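>>> Sequence and predicted model, in that order:
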Amino acid sequence: MPRRIFYGWWVVCACFPIGLYVSGITVYGFTAFFEPFVREFGWSYTQISFAASLRGLEAGIFSPVIGFLVDRFGSRKLILAGTILSGLGLLLLSLTRSLIMFYCGFLLLAFGASGCMGLVTMTAVADWFQKGSGKAFGIMSSAFGASGLIVPLVVWLIDAFHWRTALVILGLGVWVLGIPLSFVVRKRPEECDVAGGERFQKKLNVHSAVKSERAGMTVREALKNRAFLQLTVVEGIRVMTVMAVVTHVMPYLSHSGISRSTAGFVAAGIPLFSIIGRFGLGWLGDVFSKKYIFAMAFCFLGLGLLAFCFVDLRWAIFAFLLFFSTGAGGGMVMRAAILMEYFGSASFGKLLGIVMGSGAIGGMFGPTLAGWVFDTFGNYLFAWFGLLGIIILPIILVLRWDPKKTARI
């Protein structure tokens, strides 16, 4: 008899395309709608960009709530609800007649997206994996990187059918893709019967199934743990750095004398190159100590930022893409893997929600800080060198963590 594929990998296969499609629209593809909105409504870029701040605000406030909901109701229900709300948000945006309606549609889209990617899909994977979690998290996180491939589709739909029709098509696409795949996601293996009516037992741990008795810290215990509090700080700095660069990469490169076409290629290359870090550092995290690989991700971010300061040297652009993107992608993977290893899976969704909430707050400050630096000093270099200095703190904190002192209860 051929060996049956561990069902956790089917969960990964279901969550991957959902995350790719939804994040491709909400994170990278939405920039394609800027010019159509400006032409039709006469809105400023500031007014349109404010929607991104609303999304950051939503993520910062509701990520912990989503974490509690996913632990209470399970990943499948959250993914199903998220896909439905995301589709409704896109359809509402297609009916936009005013700025308030635009903001409401974007908030609905953002809230729906938070239910079917990121925290929820990561928790769905965490429910099925303990051994080999780095590879599983790496595959899931790479969906966010591969989502850059959705951008050409979004641009083509807008140019071919008008932005309103494009939003309708994209919204229906969320439903067609996400609703069926949400039913592939199952409860934790100890809570459900798999194909053939066999219940997962402890002996299936060789296939990376989690144990029936979920081990780990409660939220209250984690909030009293120094390493967990430091992890929230580390995540805030990581997201602040990444979002500052991602938001301002094109204006910075244009200001440095680089053509918009090249700047656009670099901007699109960041999520694609990040797949190297998501897979590579995810694999290394299963082989070596996760804290050292997490620290390595921040070192890569620093090297990328350093190269970013010298983009007038053409080779520095490639160095930036390679190091910065690898660090950004690998850091996202190791964040979840560290959380699982140090604090367990009993309250994984809640704890990941708290950590992601701190990251969202950092993501709100990063772009604003970089913009203020440019407005004040006339260039971005002070921002990049400042972030380069700040990155030293997460490296020091991560390297001081001791797994024995944060062992699961």
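Now that the structure is in, tell me what you want to look at. Numbers count the residues shown, from 1 in each chain.

>>> In contact with the closest residue to residue 268 other than its chain neighbours, which residues?
Nearest residue to residue 268, sequence neighbours excluded (C-beta to C-beta, 6 or more residues apart in numbering): residue 148, at 5.3 Å. All C-beta spots, glycine's among them, are computed from the backbone N, C-alpha and C. Contact analysis of residue 148 by C-beta atoms under 8 Å, 6 or more residues apart in numbering lists 24, 28, 268, 269, 270, 271, 272.

>>> hmm, which two among these are most spread apart?
24 and 269 (15.0 Å; C-beta to C-beta).

>>> Looking at the two, which has the bigger crowd around it?
Shown here are residue 24 and residue 269; by other C-beta atoms under 10 Å, residue 24 has more neighbours (24 against 18).

>>> give me every residue that touches residue 171.
Here residue 171 is in contact with 86, 87, 88, 89, 90, 91, 94 (C-beta under 8 Å, 6+ apart).

>>> does the closest residue in space to the fifth one that isn't next to it in sequence count as helix, strand or coil?
By the measure of C-beta to C-beta, 6+ apart, the closest residue to residue 90 outside its immediate chain neighbours is residue 171, 3.2 Å from it. Here residue 171 is recorded as helix under DSSP: H, G, I helix; E, B strand; the rest coil.

>>> pLDDT at residue 171, what is it?
On the pLDDT scale, residue 171 is placed at 93.

>>> Show me how the chain divides into domains.
7-189, 219-399 (automatic domain parsing).

>>> What is the strand or helix carrying residue 253 packed up against?
Assigned by DSSP states H and E, residue 253 belongs to helix 226-255. Packing contacts for helix 226-255, counted by 3 or more C-beta pairs under 8 Å, 6 or more residues apart in numbering; DSSP states H and E, involve helix 260-287, helix 290-308, helix 314-343, helix 348-377, helix 381-390, helix 392-399.

>>> May I have the last one as PDB, with CA atoms only?
Below are the C-alpha coordinates for helix 392-399, written out as PDB (Å, rounded to 0.1, in the frame of the first residue of the first chain):
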ATOM      1  CA  ILE A 392      20.700  46.000  16.200                       C
ATOM      2  CA  LEU A 393      18.300  45.800  19.100                       C
ATOM      3  CA  PRO A 394      16.300  42.800  17.800                       C
ATOM      4  CA  ILE A 395      19.500  40.900  17.100                       C
ATOM      5  CA  ILE A 396      20.700  41.400  20.700                       C
ATOM      6  CA  LEU A 397      17.300  40.500  22.100                       C
ATOM      7  CA  VAL A 398      16.900  37.400  20.000                       C
ATOM      8  CA  LEU A 399      20.400  36.000  20.700                       C
END
